[in-house]
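[1] Kindly generate the corresponding structure for this input.
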Amino acid sequence: MLRRSAVVAAVGLLGMGHPAVAQEMPLPVGVQLAVLSQVMQFDRNFTADRDEAVIAVLYQRRSRESTAAMDEATSVLRDELAFWFGGRPIRVVAVDVGGTDDPLALQWLMPARTDVVYLTPLRSFDVRSISQTGRDLGILTLTGVPEYVELGIAIGLDRERGRPRILVNLEAAIAGGADLSSELLKLARMVRS
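    Residues are numbered from 1 along each chain as shown. Next comes the predicted model:
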């Protein structure tokens, strides 16, 4: 079970270095979410006045890897990080995108008042459509798949020299409604789509 000290330790691992060999998800889902929950503290717009944060976890039921990542993400968010995203209670909604990569169709799949979308690994899917949906709806997009940040997802994670590395697609983050502090931007590697 991930405890506060583990979250603090995971965030403390943020380092700089040379890129590691690309892997689909170079960090475990629990570590990703612990770091991403801390990253959200640097988004001045995320501390909204609503009572809860709605996080949509996008996955594909037909993909074993995607479903496993969704199961772990929903478990970690509900049980271990329930108040870490902006200090508000979290409502987690798993969204099976199947093969629907049409931005208009994806808008209909999003839960009402979604604050954040977390992407699991998706197969045969145009990730740019999720980026476009996030921009259209003003929803911040997060992922643990580094390549997705290059495709327009706002914030992701990679591993460099054995440590988590924050990746920020600033254009996508701003379009998704984020107002990221300069402190975070100094720690992150900027990525363009």
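[2] Show me what the biggest helix by length in the chain is packed up against.
    What stands out as the longest helix in the chain, according to DSSP state H, is helix 64-79. Packed against helix 64-79, as judged by 3 or more Cβ pairs under 8 Å, 6 or more residues apart in numbering; DSSP states H and E, are the following elements: helix 29-39, strand 53-59, strand 90-96. Just so you know, the C-beta spots here come from the backbone N, C-alpha and C atoms, and that holds for glycine as well.
[3] buried stuff in that helix?
    For helix 64-79, burial by neighbour count (16 or more other Cβ atoms under 10 Å) applies to 66-67, 69-70, 72-74, 76-77.
[4] Just the closest of these to Ser124, please.
    Ser66 (11.2 Å; Cβ to Cβ).
[5] what's near enough to touch that closest one?
    59-60, 120-123 (Cβ atoms under 8 Å, 6 or more residues apart in numbering).
[6] tell me the contacts of Val142?
    For residue 142 the amino acid is Leu, not Val. 36, 116-119, 153-156.
[7] And what about the residue most central in space within the chain, helix, strand or coil?
    Geometric centre of the chain, nearest residue: Leu142, 2.0 Å, by Cα atoms, centre = their mean. Assigned with DSSP: H, G, I helix; E, B strand; the rest coil, Leu142 falls in the strand class.
[8] And it, what's its pLDDT?
    Leu142 is assigned a pLDDT of 96 by the prediction.
[9] Low-confidence stretches in this structure?
    Residues of the chain that meet the criterion pLDDT under 70 lie in 1-23, 47-50, 82-87.
[10] residue boundaries of the strands in it?
    Assigned by DSSP state E, the chain shows strands spanning 53-59, 90-96, 116-119, 140-143, 155-160, 163-168, 189-190.
[11] okay, the ones you listed in JSON lines with distance to Leu109 next?
    As requested, the strands of the chain are exported to JSON lines (distance: least, Cβ to Cβ, whole Å):
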{"stretch": "strand 53-59", "distance to Leu109": "8"}
{"stretch": "strand 90-96", "distance to Leu109": "5"}
{"stretch": "strand 116-119", "distance to Leu109": "10"}
{"stretch": "strand 140-143", "distance to Leu109": "14"}
{"stretch": "strand 155-160", "distance to Leu109": "21"}
{"stretch": "strand 163-168", "distance to Leu109": "25"}
{"stretch": "strand 189-190", "distance to Leu109": "30"}
